[in-house]
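next input, structure requested:
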Amino acid sequence: MATLLHIDSSALTDGSVSREVTAAFRAAWQAEHPGGTVIHRDLATEPIPHLDALGINAGYLPAEARTAEQAAAFALREQLMAELETADAVLIGAPMYNFTIPSTLKAWLDQVILMGRTAGEAPSAKGTPVTVVASRGGSYAPGAPREPFEFVTTYLEKVLGGGLGLEVDFIVPELTMAAVVPALAELLPKAVESKAQALEQATRRGKETAARVAA
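Sure thing, here's the model as predicted:
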């Protein structure tokens, strides 16, 4: 049966739009694959340590040449890379924090990106479909005043697609702060519509991805 790697990075465990949308995708996926496997990494409740010198240097050495400390540091990288490599599909919740991704998600990326293996001329997970739920409190859509400040989809498209060779698809619920920020109150109807569309897209995408990997 197929395996879904599901990553949430929102610091909010309650009231998170990205989590709600990834949950819709996952529910649709599991309805198609009730006997399948879901590997869920919640980077808020169980954060991954930042890549350090031991992990970096270990990546350039054969296993037999690593010190005990380097081997211990690389063990986590190995586990995370293997999860990515064995997944039939990937689902990532990536809310916008200060115009870019949460630092917890960046830590995961740093651990799994290894030139000559997951990245480079022949990425080991090349072609794996990945759906990214890129929620944001305002609007950074084409033509919006803050469009130039969008560094979530622009960054992840290059890292996941160009770097890791994954097939990237984005679901973008916008204006998630309209209900709590007075200056955005008049945009609440658009926020509700955007969330509804994102949930619909997630359900459809979950079913489509499940059917694709089962074929």
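
okay, CA-based contacts and neighbour counts for the rest of this
Will do.

which residues touch the residue positioned nearest the centre of the chain?
In the chain, the C-alpha nearest the mean C-alpha coordinate belongs to Ile92, at 2.5 Å (C-alpha atoms, centre = their mean). Applying C-alpha atoms under 8 Å, 6 or more residues apart in numbering to Ile92 gives the contacts 6-9, 22, 130-133.

now do Trp108
Counting by C-alpha under 8 Å, 6+ apart, the residues that Trp108 touches are 48, 50.

let's have the contacts of Ile92 in a markdown table, adding neighbour count.
Shown next, in a markdown table, are those (neighbours: other C-alpha atoms under 10 Å):
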| residue | neighbour count |
| --- | --- |
| His6 | 22 |
| Ile7 | 21 |
| Asp8 | 25 |
| Ser9 | 26 |
| Thr22 | 27 |
| Val130 | 23 |
| Thr131 | 23 |
| Val132 | 27 |
| Val133 | 27 |
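
which pair in those spans the largest distance?
Of all pairs drawn from those, the widest gap by C-alpha to C-alpha lies between Ser9 and Val130 and measures 15.1 Å.

which SS state does the residue nearest to the centre of the chain fall under?
The three-state assignment at Ile92 reads strand, by DSSP: H, G, I helix; E, B strand; the rest coil.

so it bridges to which residues?
Per DSSP bridges, the residues bridged to Ile92 are Ile7, Val132.

likewise for Thr3?
Applying DSSP bridges, one finds that Thr3 bridges with Thr37.

now the helices: where do they sit in this structure?
Applying DSSP state H to the chain gives helices spanning 17-32, 53-58, 68-86, 103-112, 153-156, 188-214.

stretch 3-22 - what's its average pLDDT?
What stretch 3-22 shows for mean pLDDT is 96.

likewise stretch 77-84?
For stretch 77-84, mean pLDDT rounds to 97.

using CSV, list the CA coordinates for it.
Extracted in CSV, the C-alpha atoms of stretch 77-84 (Å, rounded to 0.1, in the frame of the first residue of the first chain):
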residue,chain,number,x,y,z
ARG,A,77,19.4,12.8,8.6
GLU,A,78,19.3,9.2,7.4
GLN,A,79,15.9,8.6,9.0
LEU,A,80,14.4,11.8,7.6
MET,A,81,15.8,11.2,4.1
ALA,A,82,14.6,7.6,4.1
GLU,A,83,11.1,8.8,5.0
LEU,A,84,11.1,11.2,2.0
